[in-house]
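> Turn this into a structure:
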Amino acid sequence: MEMNYTYKLRLLPEPDGGYSVFVPALPGCITYGENIDEAIEMAKGAIGLYVEELTERGEPIPDDSNTLEYSLSLVA
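Model (predicted):
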């Protein structure tokens, strides 16, 4: 049975170019892409492998479907 999972991605520009991608709901799930589109595609692959591994181990699969997100700007 296919399940639908939702994940938030954090893309951080690297000093030498490209983007590192972090998936907060999946600790240690990190990848990289030369540009934003590639970074997102790489994240899809990394998430797929991560979820596959959790499934094989019989572990629960977390996702971000119920996570609220807010950005706060602070002037100090």
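> neighbours around V21, how many?
Using other CB atoms under 10 Å, V21 is surrounded by 24 other residues. From N, CA and C alone the C-beta is placed, and that goes for glycine too.
> Can we start the residue count at 29 from this point?
Got it, first residue is 29 now, which makes that one V49.
> which SS class is it?
What DSSP: H, G, I helix; E, B strand; the rest coil gives for V49 is strand.
> With adjacent residues omitted, what lies nearest to the residue sitting nearest the centre point of the chain?
The centroid of the chain falls nearest to V51 when counting by CA atoms, centre = their mean (2.5 Å). Spatially, and ignoring its direct neighbours in sequence, V51 is nearest to C57 (4.0 Å; CB to CB, 6 or more residues apart in numbering).
> give the contact list for the residue nearest to the centre of the chain.
Y35, K36, L37, R38, C57, I58, A71, A74, I75, Y78 (CB atoms under 8 Å, 6 or more residues apart in numbering).
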